[in-house]
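J.: predicted structure and sequence below. I'll ask about it afterward.
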Amino acid sequence: VSTVTARNSTQMKLILTRWALIGVLCQAVANPTNAQGPSTPPPPGHCNMTLHPNTSCTASAFAWTNATSFAECCGDCNQTAGCMACEWDGHQAPGPRACHLKHLPGPMLAQEGTTCGVSTLIPPPAPPRYTPCAYSVLHNRAVPPTYQLPVSAPGSMYAAQALCDANPECGGWQVVVGGKSVLVKVTPPTETIGAAAGSLLYTKHCGPWVDPLDRPTVWPLPAAASTGNRTVQFAANFTIVADPPGSGVLTRALARYTDLAFPHAADPTPSASGTSWTTLVGPVLVGLRVVTNDTSESFSLGVDESYVLTIPDSCPTAPCYAVLHSATTWGALRGLETFAQLVRFNFAAEMYYVPDAPVVISDQPRFAYRGVMLDVARHFFPVAVLRQAVDSLAFAKFNVLHLHLSDDQSFPVVSKAHPTLATAGAFGPTEMYTLADIAQLAQYARDRGVLVIPELDAPGHAKAWCVAYPSLCPSPTCQSPMDPSTNLSYDVIAALAAELGAACGSGVYHGGGDEVTYDCWTQSPRIKAWMAQRGYTRPQQAYASFLAEVATRVAPSTPMFWQDAFQRAEPGTPLPAAAIIQFYKAGPIAAAAARHPVVYADNSAWGLDIHTSTKSWRDFYSVDPTAGLNSSAVRNLIGGEACVWTVTFDASALATALWPRLLAVSERLWSPGALTANTTTNDALKRLMWARCALNARGIPAGSALGNLVPDDAPLYGSCLLQ
């Protein structure tokens, strides 16, 4: 300063004079002598500031002044080099530390009684951080020349993307022999995409994208919800408590959802400037109170799963709590899942918060049965993989895991009564489940609101039984279906059903009954003699008799069968009215629903085999299980199930086989029909992209939401929210 030239000295004086005049003008216009503090801040535009009442500029302060009003605070900012925002803390007395000067405003969050002023010199907000278009790649796919544009891009993928981004007619590009890329027209119809070995087809998906973190996001859609426009922060010592103390299931859930809702390690210590993160936003929630009317652990299909979750934006008295009300423990689990999905984390301030408060959600499932069937007999799935599957089902509020435990290929269940069924019928010496394994899995699932329903398929698909017990089958050369003429068949099934019923505790036993052919029966002299003794003239009568006897023997469990059991039923051997009928293909659902509880599980609509199914989540979402049913049939449609037949894949591909397509099924089964009927797949896309990212964050590797075919989706680089 001492060496500044006369010219520079004059310029410095002019600059200082100009800043002083600005400060004087601001204070004069704001009339500081009559200022009334934070309750009456000056109108927008004064002091070169845009004012945001009841709002905190969350950036750390670099200085405090002795201002006695917001107007003085604003003037101090105008006269301080580097100040682009000022915050008047209405909770402080005028004077030191009431006026915070800040280099930048930072993310602005609601705080009652605080005013944030932002300099008009600050440039407009940056554009959304998500690029306007994203791309997914289909391997070994191509479109015909009629869907190609006369534009090619040599070289890298990035050159092709740049050309496609700039061309409104472009729907992607196709990498052809030699590495050259040819642009293709907007949205080639799915049916025009054909197989082409070695070719890559990139398909374009354009926004505008909305950051789901800016608003409360829940999957599946709740029955009713309302939101506000304020942001609430959680205290560093936020706790989830049961009032009154709940069951063991609920107690374990409180600990589990504390971890799920608050996964990040945060440092809520004062910053170098002395500003604590707990003063940046308000109000501050100190906990979630879980109020449950019935804390018992009685759990079965049809239990009350309703809940009401309230996250307030203010509280008349401290401390301030969010509240979850439920009729049962199982409703509390659903509400805790919703709460965990609502919580967000601000990485700049290292705090948890919920946007758009107050949030009030009143929710209950559309159907009592919301299931996923997993075939563990075609390929063995370790218990650890099954546990991960259960975790993912709880995220989407499914309540049934149906285990297809036996088939022609293997019998992996080690029975106490008949252990050789597994030791002889499993794939290998390590690929088996003990009854204790199944019981522990069922308890793990129960803790997450999921029932485990065991299935031992009979009389068809039973060749693996014959390895240990040849006498269960018609002959050594014709093994399936199981022999209906011997009591051993029914005795073994009854013993296994009792063991599995005790291990699973779901109260339901699935007896299979699908795809039975009668050739082995009609070729067996012993079985033909037995049929003649009973007066059966058709093998279907023996089939119906077999399942009727199984239904009796598995009591007290409720029997459940595939649709063949209903469609091939005989007048003399009816199934009990309580028997649940599961439809895995088109059939007389309405007729079955007139006599039995019915589950929709059409493999052509919701089948999850990743190699034989080419349907995307959009196709799954378009399916309404009640379509074509009258009101009487709908009343007996207890729900639906997506089936995972694992003929062509094993545990390594399970998560991507399930997700994100199961998200579509879950919303169809949980959310009200009126909501999903009026929700297009484009409406659901942004929430679904958020949901698959939330699954990934929990360690569930859900697949891409953008592709058209499975399993060829391979997301291009970029945010999880764009895959």
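T.: That came in fine, so what should we check first?
J.: quick one: buried residues of stretch 638-653?
T.: For stretch 638-653, the buried set under the neighbour-count rule, 16 or more other Cβ atoms under 10 Å, comprises Ile638, Gly639, Gly640, Glu641, Ala642, Cys643, Val644, Trp645, Thr646, Phe649, Ala651, Ala653. The way it works is simple: take the backbone N, C-alpha and C, and place the C-beta from them, glycine included.
J.: what pLDDT does the fifth one get?
T.: To tie it back to what came earlier, the one meant is Ala642. According to the prediction, Ala642 has pLDDT 97.
J.: and it, that one's in a strand?
T.: Yes. According to DSSP: H, G, I helix; E, B strand; the rest coil, Ala642 belongs to a strand.
J.: dig out what it forms beta bridges with.
T.: Note on Ala642: beta-bridge partners by DSSP bridges are Val372.
J.: the buried residues of stretch 638-653 into CSV, with extra columns for distance to Val550?
T.: Output for the buried residues of stretch 638-653, formatted as CSV (distance: Cβ to Cβ, whole Å):
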residue, distance to Val550
Ile638, 21
Gly639, 23
Gly640, 24
Glu641, 20
Ala642, 25
Cys643, 21
Val644, 24
Trp645, 22
Thr646, 25
Phe649, 30
Ala651, 30
Ala653, 33
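J.: quick one: which of those is nearest Ala236?
T.: Ala651 (39.7 Å; Cβ to Cβ).
J.: correct me, but that closest one touches Val376?
T.: No. At 9.3 Å, Ala651 and Val376 do not qualify as touching, with contact defined as Cβ atoms under 8 Å.
J.: name the SS class of Leu138, please.
T.: Leu138 ends up strand, using three-state DSSP.
J.: now Thr146
T.: helix.
J.: what's the neighbour count on it?
T.: 8 (other Cβ atoms under 10 Å).
J.: distance of it relative to Val184?
T.: According to Cβ to Cβ, to the nearest Å, Thr146 stands 10 Å off from Val184.
J.: Cys315 now?
T.: Cys315 is 56 Å from Val184, by Cβ to Cβ.
J.: how about Pro454?
T.: 49 Å.
J.: got it, and Ile193?
T.: 10 Å.
J.: okay, and the common contacts of the two?
T.: Val143, Leu201 (Cβ atoms under 8 Å, 6 or more residues apart in numbering).
J.: if you count what's nearby, which of the two comes out ahead?
T.: Neighbours per residue (other Cβ under 10 Å) separate Ile193 from Val184, with Val184 holding more: 28 against 21.
J.: pull the contacting residues for the more buried one.
T.: Taking Cβ under 8 Å, 6+ apart, we find Val184 in contact with Val143, Tyr147, Gln148, Leu149, Cys170, Gly171, Gly172, Trp173, Gln174, Leu201.
J.: export those residues to TSV and tack on secondary structure, pLDDT and distance to Ala498?
T.: Putting the contacts of Val184 into TSV (DSSP: H, G, I helix; E, B strand; the rest coil; pLDDT from 0 to 100; distance: Cβ to Cβ, whole Å) gives the following:
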residue	secondary structure	pLDDT	distance to Ala498
Val143	coil	84	57
Tyr147	helix	86	60
Gln148	strand	86	64
Leu149	strand	87	66
Cys170	strand	86	63
Gly171	strand	84	58
Gly172	strand	85	57
Trp173	strand	86	61
Gln174	strand	86	59
Leu201	strand	81	54
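J.: which stretches of the stretch 301-450 of the chain form helices?
T.: Taking DSSP state H, counting those that start in this stretch, the helices of the stretch 301-450 of the chain run over residues 329-342, 383-395, 420-425, 435-447.
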